[in-house]
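Trainee: The sequence isn't on hand, but the structure is:
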């Protein structure tokens, strides 16, 4: 019999992960208590440990914030390329001058 997919809330995930971090019970015991697969508990535990500093005002990882200088440079490069191609196509007669 196949189980239906369950969506657990953040509070439940935190409770399970904290129980796993405590270490007073084995992973199998925690999994049995909360009726969650041990692999899922391991994932939640790793997420909890990785983001624990955020609770105390840590900054988000740098990958989440885009580098605006790089993005502006890319926009400028693409604008120049578009202008160049528009001029070349217009000279070749493949693009009307009335745009």
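Mentor: It's in. Model, not experiment: these values are computed from the prediction.
Trainee: How about the contacts made by the closest residue to residue 14 other than its chain neighbours?
Mentor: Leaving aside its sequence neighbours, residue 14 sits nearest to residue 48 (Cβ to Cβ, 6 or more residues apart in numbering; 6.8 Å). No exception for glycine: its C-beta is placed from N, CA and C like everyone else's. The contact partners of residue 48, taken as Cβ atoms under 8 Å, 6 or more residues apart in numbering, are 14, 17, 18, 21.
Trainee: Against residue 76, how distant is residue 48?
Mentor: Counting by Cβ to Cβ, to the nearest Å, the gap from residue 48 to residue 76 is 42 Å.
Trainee: So, low pLDDT: which residues of this protein?
Mentor: 58-64, 97-99 (pLDDT under 70).
Trainee: how about the nearest residue to residue 47, chain neighbours excluded?
Mentor: In space, and not counting its chain neighbours, residue 47 is closest to residue 17: 7.2 Å by Cβ to Cβ, 6+ apart.
Trainee: quick one: which helix or strand includes the one you found?
Mentor: With elements taken from DSSP states H and E, the one containing residue 17 is helix 10-22.
Trainee: list the buried ones in that helix?
Mentor: Neighbour-count burial for helix 10-22, counted by 16 or more other Cβ atoms under 10 Å, picks out 13, 16, 17, 19, 20.
Trainee: Which member of those is positioned nearest residue 56?
Mentor: residue 17 (16.9 Å; Cβ to Cβ).
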